[in-house]
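[1] missing the sequence, but the structure's below:
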DNA sequence: CAGTGGTCTAGACCACGAT
DNA sequence: TCGTGGTCTAGACCACTGA
């Protein structure tokens, strides 16, 4: 008999995890339904539901109405990445943050940006290039395009002391976005700014944000060589 | 007056999102407490709780007992990455999956692996190197170390047709892990296997998995140049 | 101390979907 | 069709934490 009562959802969560881990319930197995588990654990069905739903969100269980709950065949690892404001990421590591704007011009969209933001060729974009530094050393190069038709206030923002990164978060609402991670050989200009060897392998993040199908901004972040993005599973 | 009733947690979720987006509630603002919102929306407090808790998980709200709920100052973007089995990632793209084992030896842990897995120097590890291909083209190189003291069955697994990637998921339970993403210049041997230029920029994933503080396995994945890992925000 | 979020309960109804 | 998960409700108690 158990020395601990299982009467809260975290305890149920833990116990179910334990049974999966101990292979009492193997991948593909059907596990008892919520009502039966609630009876077994001596708690309400809603409590079991919360625990199982959380485990399903984490990818350990597959749940389908009528078909019941099964242990996932392929425990899909879901990594939750926090994408913080760059300033906070740096300060969070105990380093001093500084910022330099390198360039700021308004120009018609290049073909690559047209495709990315799904805009017409003649659309004018505000193009801002800036460098974020940690303890005085180049950390990441920010190459950003802003649709000034969607964010007119950006025209008046200097971006000389506050990065476009932070300004947009505070000023421009968005509904959704997409993000991509890749490795690229540093373009020559980026290498120059980051004080790295040209064509060095750099971690790149491309992000686009949208406000109800109107593109707000697109940004490329080139991290200085050696950058690692980490998380727990 | 609203044409839609707000009587389920998703509707509450959406309405609160809308108010944040419309800047009715600005970053840093205190929003009404759960009981008041429940009264306003005409639903139970538990329903409001579920909606607000979900928004807090997504990083849009900051909640603290007694202090109340505030709109997050820095809407931390949380990207949820699915880390699928490599076979599924390739087949999911509609490409043909194939697999080749390149090497398989048992050797004492190198210093780099000792630190990573927190094991003693003399610990023998099974070292498996393999290539995953999509439509016959090199996709990712898998460089893996397995602690055969923790997973003794691995000694008998040939890994010639089933990748260590899949075998371990099915056979070796784990409790947690960590994962890191970075960009590296391809080591010469990896470049050879991937048929890429040596020192080309490659996307690398390093993953370690643990079973209650015993290291199960460590793996480095070197993706062929051009690989992008994408998700929605 | 007192206000707020966090959770549990028992019961109810509904939506989906396998058979 | 009908079993299963998904959700809502009204009420209750508790845990944390700011004042």
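    Arrived safely. As the structure is a prediction and not an experimental result, all values here were calculated from the model.
[2] care to break chain A down by domain?
    What automatic domain parsing lists as the domains of chain A is A:9-71, A:86-223.
[3] Of those domains, which is nearest DNA strand C?
    Evaluated with CB to the nearest atom of the strand, those place domain A:9-71 nearest to DNA strand C, the distance being 3.2 Å. (Glycine included, C-beta is placed from N, CA and C.)
[4] where does chain A dip in pLDDT?
    Within chain A, the stretches with pLDDT under 70 are A:1-4.
[5] Spell out which residues of it are next to DNA strand C.
    Residues of chain A lying close to DNA strand C by CB under 7 Å from any atom of the strand are A:7-10, A:42-47, A:50, A:64-67.
[6] contacting residues around residue A:192?
    Listed by CB atoms under 8 Å, 6 or more residues apart in numbering or on different chains, the contact set of residue A:192 reads residue A:198.
[7] what's the answer for residue A:5, then?
    A:11, A:42.
[8] any idea how far the nearest residue to residue A:190 once chain neighbours are set aside lies from residue A:73?
    Distance criterion CB to CB, 6 or more residues apart in numbering or on different chains; nearest residue to residue A:190, sequence neighbours excluded, is residue A:222 at 4.7 Å. Distance, residue A:222 to residue A:73, by CB to CB, to the nearest Å: 39 Å.
[9] Pick out whichever of those two has more residues nearby.
    Taking other CB atoms under 10 Å in any protein chain shown, residue A:222 and residue A:73 do not tie; residue A:222 has more neighbours (26 against 13).
[10] Which single residue of chain A ends up nearest DNA strand C?
    residue A:8 (2.7 Å).
[11] So what does the closest residue to residue A:151 other than its chain neighbours look like in phi/psi?
    Nearest in space to residue A:151, with sequence neighbours left out and distances taken as CB to CB, 6+ apart, is residue A:172 at 4.9 Å. Reported as degrees, to the nearest 10, the phi and psi values for residue A:172 are phi -110, psi 110.
[12] can you check the one 4 residues further on too?
    In terms of degrees, to the nearest 10, the main-chain angles of residue A:176 are phi -160, psi 180.
[13] From the structure, what's the count of residues near the nearest residue to it once chain neighbours are set aside?
    Spatial nearest neighbour of residue A:176, chain neighbours left out: residue A:210 (5.5 Å); criterion: CB to CB, 6+ apart. Using other CB under 10 Å, the number of residues around residue A:210 comes to 18.
[14] cool, the one 10 residues further on as well?
    Neighbours of residue A:220 under the rule other CB under 10 Å: 19.
[15] what does residue A:233 give?
    Around residue A:233 there are 19 other residues, counting by other CB under 10 Å.
[16] who are the neighbours in contact with it?
    Residue A:233 touches A:77, A:78, A:79, B:83, B:176, B:177, B:178, B:179, B:207, B:209, counting by CB under 8 Å, 6+ apart.
[17] about what we covered before: the residue nearest to residue A:151 touches residue A:217, doesn't it?
    Yes - in this structure, residue A:172 is within contact of residue A:217 by CB atoms under 8 Å, at 7.3 Å.
[18] Those two: who's more crowded?
    Ranked by neighbour count (other CB under 10 Å), residue A:172 and residue A:217 place residue A:217 first, with 26 against 18.
[19] Specify the local secondary structure of the closest residue to that one other than its chain neighbours.
    Excluding its sequence neighbours, the residue lying closest to residue A:217 (CB to CB, 6+ apart) is residue A:146, at 4.8 Å. Following DSSP: H, G, I helix; E, B strand; the rest coil, residue A:146 is assigned to strand.
[20] quick one: contacts for residue A:146?
    If you count contacts by CB under 8 Å, 6+ apart, then residue A:146 has A:125, A:126, A:127, A:128, A:154, A:164, A:168, A:216, A:217 around it.
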